[in-house]
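*Asks:* Using only what follows, build the 3D model:
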Amino acid sequence: MDAVRNNSSEVTEDSYCGLYCGACEILVAYLKAESENRKAEWSELPTELTSTMPEKEIRCLGCKSGTVFEGCLQCPIRPCARDKQVDSCADCDQYPCRIINEMKAIIEKIKQTKPHTTSIISNLEEIREQGKAAWMQQQKKLWTCPVCGARLSWYRTECQQCKP
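*Replies:* Predicted coordinates for the structure are as follows:
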């Protein structure tokens with residue numbers, strides 16, 4: 001689960017908004033394909049995710065990297081956090097701001113089709129309370145197979161390598 005280099009960009013498992021990118025279906029599929037020296041295919045993603053969004057190229061090393069999934073590029077949080085030079089919204093003096101409040105409303109509308117987004121606000125609160133290092137440690141444990149160490153993901157919580 002260590003950072004991987006690809007085209008001078010490192011994997012970033014945390015995000016500005018509080019999602020744990022290390023469990024993102026897109027990032028997991030991209031890293032798996034890269035390790036196998038092939039291109040990730042849309043059909044490899046779980047239908048719970050693909051049925052709710054248009055098909056796009058599977059390329060991402062995490063929100064804070066230089067290689068971000070096209071479907072995430074329209075998020076207003078990433079440029080805001082970068083402009084303010086904060087590690088995440090949890091570190092911003094203006095938290096919770098207008099963007100976060102708008103995000104809460106969006107999450108309410110999409111939580112049925114994209115349930116992983118429901119953790120955004122609670123994750124930010126946890127980062128604020130326990131610090132990023134403790135939160136990251138907790139997330140890595142939560143999203144790693146205890147048997148083989150493979151990455152788990154938001155829509156595939158059972159290990160794809162260990163399951164029969």
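
*Asks:* Which single helix of this protein contains the most residues?
*Replies:* Longest helix in the chain by number of residues (criterion: DSSP state H): helix 98-110.

*Asks:* Which secondary structure elements does it sit against?
*Replies:* For helix 98-110, the packing partners by 3 or more Cβ pairs under 8 Å, 6 or more residues apart in numbering; DSSP states H and E come out as helix 77-84, helix 120-130. No exception for glycine: its C-beta is placed from N, CA and C like everyone else's.

*Asks:* Turn the ones you listed into a markdown table, columns for mean pLDDT, mean neighbour count and distance to Thr12.
*Replies:* What follows is the helices and strands packed on helix 98-110, written out as a markdown table (pLDDT from 0 to 100; neighbours: other Cβ atoms under 10 Å; distance: least, Cβ to Cβ, whole Å):
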| stretch | mean pLDDT | mean neighbour count | distance to Thr12 |
| --- | --- | --- | --- |
| helix 77-84 | 96 | 16 | 11 |
| helix 120-130 | 97 | 17 | 14 |
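
*Asks:* Generate TSV for those, with distance to Gln139 as supplementary columns.
*Replies:* Output for the helices and strands packed on helix 98-110, formatted as TSV (distance: least, Cβ to Cβ, whole Å):
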stretch	distance to Gln139
helix 77-84	18
helix 120-130	8
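
*Asks:* which intervals of this structure have sub-threshold pLDDT?
*Replies:* Across the chain, the ranges flagged by pLDDT under 70 are 1-9, 164.

*Asks:* What ranges does it have for its strands?
*Replies:* Using DSSP state E, the strands found in the chain span residues 5-6, 9-10.

*Asks:* which residue is nearest the middle of the protein?
*Replies:* The residue lying closest to the centre of the chain (Cα atoms, centre = their mean) is Cys21, at 2.2 Å.

*Asks:* unless I'm mixing things up, it is touching Tyr30, no?
*Replies:* No - contact between Cys21 and Tyr30 fails when scored by Cβ atoms under 8 Å: they sit 10.9 Å apart.

*Asks:* okay, and the common contacts of those two?
*Replies:* In terms of Cβ atoms under 8 Å, 6 or more residues apart in numbering, Cys21 and Tyr30 are both contacted by the residues Cys60.

*Asks:* Now do the contacts for Met53.
*Replies:* Gly71.

*Asks:* any idea how far Cys72 is from it?
*Replies:* Distance, Met53 to Cys72, using Cβ to Cβ, to the nearest Å: 11 Å.
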